[in-house]
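Undergrad: pasting the structure only:
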Ligand SMILES: Cc1cc2nc3c(=O)[nH]c(=O)nc-3n(C[C@H](O)[C@H](O)[C@H](O)COP(=O)(O)OP(=O)(O)OC[C@H]3O[C@@H](n4cnc5c(N)ncnc54)[C@H](O)[C@@H]3O)c2cc1C
């Protein structure tokens with residue numbers, strides 16, 4: 001029995017849903033827009049959780065997607081602390097944890113991702129943290145207040161960003177990771193080593209090529225973590241631990257509703273971000289879509305800008321505009337105040353890297369090519385190169401030797417690389 005009807009039901013209280021709601025109204029959607037989110041906070045920008053907000057440099061309001069009054073001004077109904085517990089796609093109804101049943105015309109599923117939890121001996125000890133929400137950031141900030149040594153498990157974005165933030169907070173941060181160099185899974189060993197050396201030069205200790213075996217307490221019965229034991233035989237003192245072991249897309253609701261799941265683990269969508277159910281769209285971390293700029297390859301990414309832009313594309317298509325999602329995926333990561341990397345792509349694989357600029361000078365762009373075609377570009381301090389990266393990724397030209405040499409030559413104008421110039 002339906003308790004109410006809405007025109008647009010947005011499931012998930014994160015960035016993708018929030019930006020979808022914004023664009024629905026901006027593009028003239030009439031009727032009810034209901035956004036249902038499980039968290040206590042209204043939609044906010046998660047990246048702040050490992051950066052300024054974690055360090056205590058930002059207020060609770062700063063990460064918010066919009067100030068509280070904006071939602072009512074836009075006539076968008078926001079239900080926080082509420083989960084969608086079931087979806088009936090034939091009846092077009094959703095069950096909420098409040099026991100209400102809501103009928104909808106169009107729906108967005110943007111349920112994001114969940115952190116991967118480590119199930120090892122000692123994992124129940126206190127002061128072992130994961131980081132996804134503002135509440136998690138609060139718990140870490142409180143938990144490390146009296147800590148000297150903090151161990152980070154994982155050498156990817158969360159591990160590196162949190163290590164940088166904690167160092168700026170006066171803590172001694174140690175990273176334990178399986179990789180040989182930080183961030184190498186996404187960017188390769190050369191660039192990975194650059195970021196590792198940047199962290200080390202600011203006092204972060206990195207143990208590469210090792211793995212967590214177990215956590216130990218101090219034997220006093222306090223229940224607090226005191227040591228991290230690695231498979232390689234290290235015993236690291238730890239007043240607190242932050243685990244950054246990746247995330248998995250949250251597709252439970254979608255799967256139960258019968259939506260198709262793709263090989264990258266996301267809800268399968270076409271180029272319009274429509275799922276296998278007509279009028280039901282997906283966006284953000286859990287959306288696996290057919291990317292027109294990648295020749296129809298299925299792409300699923302866990303990045304702020306992607307979720308933001310998905311929200312817009314989904315809104316336009318909910319309004320019947322029939323537009324493909326054509327934004328070149330972009331993301332950034334910030335290591336304290338030591339620098340910021342930016343990336344366009346993604347390159348899931350590559351067979352050649354070309355470096356423009358200098359790692360030693362901390363100003364470079366690394367190009368990732370496959371069969372002579374630019375697939376991705378990572379920059380540190382050379383943001384202007386990214387527009388050329390976008391053009392080359394979309395253009396898909398196979399670059400000859402002269403063009404590839406120009407990519408790596410600071411004296412060559414990047415505008416001359418690709419169609420019309422060096423090729
Ligand atoms: C600490 C941290 C730092 C980051 N830093 C960067 C960065 O520097 N650069 C970058 O590009 N990206 C960064 N990201 C990634 C970026 O924040 C995410 O890609 C983005 O938030 C994804 O948005 P989303 O809307 O898809 O999902 P989410 O933001 O995860 O939102 C999904 C929401 O849906 C809720 N939900 C789930 N199931 C239900 C349900 N059944 N009913 C109701 N609600 C539900 C969840 O509780 C959650 O609130 C960072 C992420 C984290 C955690």
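TA: Cool, got the structure. Quick caveat: nothing in here was measured; it's all calculated off a predicted structure.

Undergrad: can you tell me what sits against stretch 396-414?
TA: With CB atoms under 8 Å, 6 or more residues apart in numbering as the test, stretch 396-414 has contacts from 295, 352, 354-357, 367, 369, 371-374, 385, 388, 392, 416-419, 421-423. No exception for glycine: its C-beta is placed from N, CA and C like everyone else's.

Undergrad: among those residues, which ones are in strands?
TA: In strands, defined here by DSSP state E, the members of those are 352, 354-357, 367, 369, 373-374.

Undergrad: got the residues you listed as JSON lines, with distance to the ligand and neighbour count columns?
TA: Formatted as JSON lines, the entries for the ones in strands among the contacts of stretch 396-414 read as follows, by distance: CB to the nearest ligand atom, whole Å; neighbours: other CB atoms under 10 Å:
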{"residue": "352", "distance to the ligand": "25", "neighbour count": "15"}
{"residue": "354", "distance to the ligand": "24", "neighbour count": "19"}
{"residue": "355", "distance to the ligand": "23", "neighbour count": "15"}
{"residue": "356", "distance to the ligand": "22", "neighbour count": "21"}
{"residue": "357", "distance to the ligand": "22", "neighbour count": "18"}
{"residue": "367", "distance to the ligand": "20", "neighbour count": "27"}
{"residue": "369", "distance to the ligand": "23", "neighbour count": "21"}
{"residue": "373", "distance to the ligand": "24", "neighbour count": "16"}
{"residue": "374", "distance to the ligand": "20", "neighbour count": "32"}
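
Undergrad: the residue lying closest to residue 372 once chain neighbours are set aside: neighbour count?
TA: Closest residue in space to residue 372, ignoring its immediate chain neighbours: residue 398 at 4.3 Å, by CB to CB, 6 or more residues apart in numbering. By the criterion of other CB atoms under 10 Å, residue 398 has 11 neighbours.

Undergrad: now the closest residue to the ligand within the stretch 151-300 of the chain: how far from residue 406?
TA: Here the residue of the stretch 151-300 of the chain nearest the ligand is residue 284; by CB to the nearest ligand atom that distance is 2.0 Å. Per CB to CB, to the nearest Å, residue 284 is found 36 Å from residue 406.

Undergrad: neighbour count for the two, which is higher?
TA: Per other CB under 10 Å, whichever of residue 284 and residue 406 has more neighbours is residue 284, with 34 against 20.

Undergrad: pretty sure that one sits against residue 307.
TA: Yes: counting by CB atoms under 8 Å, residue 284 touches residue 307, with 3.7 Å between them.

Undergrad: who touches both of these two?
TA: 14-16, 110.

Undergrad: which one of the residues you listed sits closest to the ligand?
TA: Of these, the one sitting nearest to the ligand (CB to the nearest ligand atom) turns out to be residue 14, at 2.0 Å.

Undergrad: and the closest one, what does it touch?
TA: Contact partners of residue 14, counting by CB under 8 Å, 6+ apart, are 37, 43, 46, 110, 112, 284-285, 307.

Undergrad: and if you look at residue 287?
TA: Residue 287 is in contact with 16, 110, 266-267, 269, 273, 300, 310, counting by CB under 8 Å, 6+ apart.

Undergrad: recalculate using a threshold of 7 Å.
TA: Contacts for residue 287 (CB atoms under 7 Å, 6 or more residues apart in numbering) come out as 266-267, 269, 273, 300, 310.

Undergrad: same question, residue 3
TA: 100-102 are the contacts of residue 3 under CB under 7 Å, 6+ apart.

Undergrad: and which of those residues is nearest to the ligand?
TA: For the contacts of residue 3, the nearest to the ligand is residue 102 (11.8 Å; CB to the nearest ligand atom).

Undergrad: can you give me the end-to-end distance of stretch 286-300?
TA: Using CA to CA, to the nearest Å, the end-to-end distance of stretch 286-300 comes to 7 Å.

Undergrad: how about the residues of the stretch 301-423 of the chain near the ligand?
TA: Within the stretch 301-423 of the chain, the positions lying close to the ligand (CB under 6 Å from any ligand atom) are 302-305, 307, 331-334.

Undergrad: okay, now the unreliable bits of the protein?
TA: 420-423 (pLDDT under 70).

Undergrad: gap between the lengthiest helix in it and the chain center?
TA: The longest helix of the chain (DSSP state H) is helix 304-318. Between the centre of helix 304-318 and the centre of its chain there are 15 Å (CA atoms, centre = their mean, to the nearest Å).

Undergrad: can you list contacts of it?
TA: If you take CB under 7 Å, 6+ apart as the criterion, helix 304-318 is touched by 8, 14-20, 23-24, 27, 45, 47, 106, 108, 272-274, 281, 283-285, 287, 323, 325, 327, 329-331.

Undergrad: that older thread, if you rank the residues of the stretch 301-423 of the chain next to the ligand by neighbours, which is first?
TA: That'd be residue 307 among those, by other CB under 10 Å, with 27 neighbours.

Undergrad: roughly how far does it sit from residue 23?
TA: 13 Å.

Undergrad: strands of the stretch 1-150 of the chain, residue ranges please.
TA: 4-11, 33-36, 76-79, 84-88, 93-96, 101-109, 113-115, 128-130, 149-153 (DSSP state E, counting those that start in this stretch).
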